[in-house]
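Peer 1: Need a 3D model of the sequence below.
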Amino acid sequence: MKKTILLLMSVQFFVYLGFGIIIPVLPEVVVQQGYADIHVGGLITIYALASFFTAPLWGRLSDNVGRKKLILTGLAGFSLSFFLFSLFLDHLVLLYASRIIGGLFSGALYTAVTGYVADITTSEERNKYMGLLGMSIGLGFIFGPAIGGLLGAVSLSLPFTASAVLVLALMVYAGIVLKEPDRSGEAVKRKLLPQGAAMLWNYRIRYLFLFSFTVTFLLAGLESTFQLFQIDQIEITPLQLGYLFMASGFVDAAIQGGVVRRVKDGTETKWIIGAQIVTAAGLFLLPFTSNLVFAGIALSIFTAGNALARTVLVSLTSKESGGKYGTAAGMTYSMDNMGRIIGPLFFTWLLTLQSGSIYYLSGLLALLSIGLIIAYRSSAKTLQTNEKASTSS
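Peer 2: Presented below is the predicted three-dimensional model:
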């Protein structure tokens, strides 16, 4: 089983590497080809939309036709999306088509892989292996922008060609190694609104769902506008951006691996409020960027706050769900995706109107979102089964 888990981790790594690899290259493509800046947000948003809204279909298909077939199909489609992007940088319609294909098949891969893990693990060990898949996703997000920047310095099409070839090789290897598992679970269908979610909105956990949207909305907004803004400020290159995102990725990892473990039960809301203040500080610094080092410091400060808020929020939401963790996790996923769908398009559009002043708005939103945490703490309508809601103070 060890070889199988490693292969499935590789699949998840490459899917999210593919999501991240475009971050330092896409704005450069848009600028060089003379497309309107709004297309940076559009090309990121269309990917998230395709993945999100087709995931329920892929989940059902995975249960019906089998995990292995869907994983191989997903890898083939994902590879095709990379090849299309690398070949047609000067055709905007085909760039959108490649992103739709990429989002479509990333949804297939996610649902088939998680369904596969559910089939081959017991309930006792499932969290461990799902955690390993989550780690692979995180590594993909960390190294994707860095690799995109490094290869993009050679050629803007090279990151996508290299990714396409690697994913194709992974498909061949998966075809040889993977065996169709005995069916014991269901694929993660990632419903748009999980069953029972409406009931949760009657309780104070609703403030955590709204906060989750805000955190991802701000993150997606920064990812889609950072390079466009820095091109104007300091003429940043994809290679330089790759280095900055790699550094901020390690800040993210350090926060999740070191700082989060210091958060004691009952202190989550205090840490989240502090994290949002740090997030806002990073955003407020961005308009003053005058060199690469300053840009890196501002980005890393934002990343530290955002990573801390995201990670502690997951823990707090699980405690507040009153045993309905699956439903709460599904609702959080839906809110995160709404942030990733709306954020890039909204902030790139705003960038065309207001330039760097959009980060003042982002910072203000980060501070205003603290009100959601205060409202959560003030509400007595909790789902927690224990008598004392320890996280409310």
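Peer 1: for the stretch 101-250 of the chain, which spans come out with low pLDDT?
Peer 2: 123-124, 126-127, 130-131, 134, 138, 183-197 (pLDDT under 70).
Peer 1: The same query, at a cut-off of 50, please.
Peer 2: Within the stretch 101-250 of the chain, no range satisfies pLDDT under 50.
Peer 1: all helices for it, in order.
Peer 2: For the stretch 101-250 of the chain, applying DSSP state H, counting those that start in this stretch gives helices covering 123-152, 158-177, 197-200, 205-234, 238-254.
Peer 1: Give me the residues contacting the third one.
Peer 2: By CB atoms under 8 Å, 6 or more residues apart in numbering, the residues outside helix 197-200 that reach it are 206, 209, 321, 324, 327, 328, 330, 331, 334, 383. Quick note: C-beta positions are derived from backbone N, CA and C, even for glycine.
Peer 1: can I get these in TSV with distance to residue 371, secondary structure and neighbour count?
Peer 2: Below are these laid out as TSV (distance: CB to CB, whole Å; DSSP: H, G, I helix; E, B strand; the rest coil; neighbours: other CB atoms under 10 Å):
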residue	distance to residue 371	secondary structure	neighbour count
206	14	helix	17
209	15	helix	20
321	22	coil	21
324	25	coil	20
327	25	helix	20
328	21	helix	25
330	25	helix	22
331	20	helix	26
334	22	helix	20
383	21	coil	18
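Peer 1: deepest of the helices of the stretch 101-250 of the chain, which one?
Peer 2: Among the helices of the stretch 101-250 of the chain, helix 205-234 has the highest mean neighbour count (mean count of other CB atoms under 10 Å), at a mean of 23.
Peer 1: farthest pair in the contacts of helix 197-200?
Peer 2: Distance extremes for those: the farthest pair is 334 and 383 at 17.8 Å, using CB to CB.
Peer 1: Using a markdown table, please lay out the helices of the stretch 101-250 of the chain together with distance to residue 261.
Peer 2: Output for the helices of the stretch 101-250 of the chain, formatted as a markdown table (distance: least, CB to CB, whole Å):
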| stretch | distance to residue 261 |
| --- | --- |
| helix 123-152 | 14 |
| helix 158-177 | 33 |
| helix 197-200 | 28 |
| helix 205-234 | 20 |
| helix 238-254 | 11 |
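Peer 1: so which of those helices comes closest to residue 364?
Peer 2: helix 205-234 (10.7 Å).
Peer 1: Which strands or helices does the closest one pack on?
Peer 2: Using 3 or more CB pairs under 8 Å, 6 or more residues apart in numbering; DSSP states H and E, the elements in contact with helix 205-234 are helix 26-33, helix 38-65, helix 238-254, helix 268-285, helix 292-320, helix 325-354, helix 358-368, helix 370-378.
Peer 1: I'd like to know which of those is closest to residue 148.
Peer 2: helix 238-254 (6.2 Å).
Peer 1: just the angle between that closest one and helix 158-177, please?
Peer 2: 50 degrees (axes from the mean of the first three to the mean of the last three CA atoms, to 10 degrees).
Peer 1: what does helix 238-254 contact?
Peer 2: Outside helix 238-254, the residues that touch it by CB under 8 Å, 6+ apart are 20, 23-25, 28, 138, 141-143, 145-150, 152-153, 156, 226-227, 230, 292, 295-296, 299-300, 302-304, 307.
Peer 1: To what extent is the closest residue to residue 350 other than its chain neighbours buried, counted in neighbours?
Peer 2: Spatial nearest neighbour of residue 350, chain neighbours left out: residue 358 (4.7 Å); criterion: CB to CB, 6 or more residues apart in numbering. Residues near residue 358, counting by other CB atoms under 10 Å, number 24.
Peer 1: Please tell me how far residue 358 sits from residue 234.
Peer 2: Distance of residue 358 to residue 234, given as CB to CB, to the nearest Å: 17 Å.
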